[in-house]
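J.: Let's see this in three dimensions:
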Amino acid sequence: MHDVPDHAEPPHASSGADDVVRPSTSRRPVEAVLFDFHGTLAQVEEPREWVLAAAAACGVELDRVRATALADRLLTAGRAGGPLPTRVPPRLAELWADRDLYPHAHRGAYTGLAETVDVGIEGFADALYERVLVPDGWVPYPDTEAVLRTLRGAGVKVAVVSNIGFDIRPLVDAWGLAELIDAYALSYEVGRCKPDPGIFLRACGMLGVDPERALMVGDTPADAGAVGAGCAVLVLPCADAGRPNGLGAVLDLAVPS
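T.: Okay, the predicted model is just below:
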């Protein structure tokens, strides 16, 4: 992923407001908001819970101390929706490079990275990856539903623009938010990855909105690539699962008071 995770980038400090590329006074009103997925609308589950759930799927009950230690090692190796790996083994280099363009590469890269950690549980790497594909493996941010519903009520169109190697629509549907998303520009479907302006232009095309009337909202420098497509950009601070991430600031820019 993203966000899935979207492919993840290292968390960075941000004040939120200082990272806004704000519309100028002469800029036309916002007609559409483009959202990153991972780190913006939702976050992957807490690492220890991720490990415990994957082990349970393999029929193994881990104590929480061992699960915490394994989570630390697996995060260092590289987690879908988590920090970038400290090192990608040469045998995985091609899969890693293509992870957000092809589903098989996304799965192969992240299961391969997990397999570099000796756990001794059969099928564990695949079980870890499966957690990113199910709704329980993610936590929507506290303001996500309220912000999306407010935008819908104001007539502002919404698209999700994500560097990701699998379909996130089933997750959004399970959370009861599908009716609030008008379009998805997912890298593995579009064939472009952020910060390439092409993926943002595709999203605007899907919505039928001029890029100058669109606001891109994300949490990494890759999301700021939307400036190259003519969009305004709001970069939010990174936040852990369940913690507020300042998403409500979108409404200050997109919904007239």
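
J.: Now name the helix or strand holding residue 76.
T.: Assessed by DSSP states H and E, residue 76 sits inside helix 64-77.

J.: gap between that helix and the chain center?
T.: Relative to its chain's centre, helix 64-77 lies at 22 Å (C-alpha atoms, centre = their mean, to the nearest Å).

J.: got it, and stretch 79-86?
T.: 12 Å.

J.: if we can go back for a sec, for the helix holding residue 76, buried residues please.
T.: For helix 64-77, the buried set under the neighbour-count rule, 16 or more other C-beta atoms under 10 Å, comprises 67, 70, 71, 74, 75, 76, 77. Just so you know, the C-beta spots here come from the backbone N, C-alpha and C atoms, and that holds for glycine as well.

J.: And the contacts of that helix?
T.: When contacts are defined by C-beta atoms under 8 Å, 6 or more residues apart in numbering, helix 64-77 is touched by residues 47-48, 50-52, 55, 62, 82-83, 85-86, 113-114, 116-117, 119, 128.

J.: Now restrict those residues to buried residues only.
T.: Using 16+ other C-beta under 10 Å as the burial test, the contacts of helix 64-77 include 47-48, 50-52, 55, 62, 82, 85, 113-114, 116-117, 119, 128 as buried.

J.: Filter those residues down to just the ones in helices.
T.: 47, 48, 50, 51, 52, 55, 113, 114, 128 (DSSP state H).

J.: What number of residues are in the vicinity of residue 210?
T.: 13 (other C-beta atoms under 10 Å).

J.: what does the model give it for pLDDT?
T.: Residue 210 carries a pLDDT value of 97.

J.: what sits against the nearest residue to residue 196 once chain neighbours are set aside?
T.: Among residues not flanking residue 196 along the chain, residue 225 sits closest, at 6.6 Å (C-beta to C-beta, 6 or more residues apart in numbering). Applying C-beta under 8 Å, 6+ apart to residue 225 gives the contacts 194, 195, 196, 197, 200.

J.: Help me confirm that the fourth one comes into contact with residue 223.
T.: This points to residue 197. No - contact criterion C-beta atoms under 8 Å: residue 197 and residue 223 do not qualify, at 12.0 Å.

J.: can you give me the strands for this structure?
T.: For the chain, the strands defined by DSSP state E occupy 32-35, 42-44, 138-140, 157-162, 183-186, 214-218, 232-235.

J.: Which of the ones you listed sits closest to residue 103?
T.: Closest to residue 103 of these, according to C-beta to C-beta: strand 183-186, at 10.4 Å.

J.: Packing partners of that closest one?
T.: With contacts defined as 3 or more C-beta pairs under 8 Å, 6 or more residues apart in numbering; DSSP states H and E, strand 183-186 has these neighbours: strand 157-162, helix 197-207.

J.: Lowest-confidence member of the buried ones among the contacts of helix 64-77, which is it?
T.: residue 82 (85).

J.: Residue 50 versus that one, what's the distance?
T.: Per C-beta to C-beta, to the nearest Å, residue 82 is found 9 Å from residue 50.

J.: What ranges in the stretch 151-257 of the chain fall below the confidence cut-off?
T.: Residue ranges of the stretch 151-257 of the chain with pLDDT under 70: none are present.

J.: what about 90?
T.: Low-confidence segments of the stretch 151-257 of the chain (pLDDT under 90): 238-242, 256-257.

J.: now, which of the contacts of residue 225 sits nearest residue 182?
T.: Residue 182 has its nearest neighbour among the contacts of residue 225 in residue 200, at 14.9 Å by C-beta to C-beta.

J.: residues touching the closest one, list them.
T.: Counting by C-beta under 8 Å, 6+ apart, residue 200 touches 34, 161, 185, 194, 211, 214, 216, 225, 226, 228, 229, 231.

J.: For stretch 214-224, give me every contacting residue.
T.: The contact list for stretch 214-224 (C-beta under 8 Å, 6+ apart) reads 3, 9, 12, 19, 21, 23, 30-36, 39-40, 161, 163, 193-195, 200, 203-204, 207, 226, 230-238, 245, 247, 250, 253-254.

J.: let's see 7 Å
T.: Residues from elsewhere that reach stretch 214-224 (C-beta atoms under 7 Å, 6 or more residues apart in numbering): 9, 30-36, 39-40, 161, 163, 194-195, 200, 204, 226, 231-236, 238, 250, 253-254.
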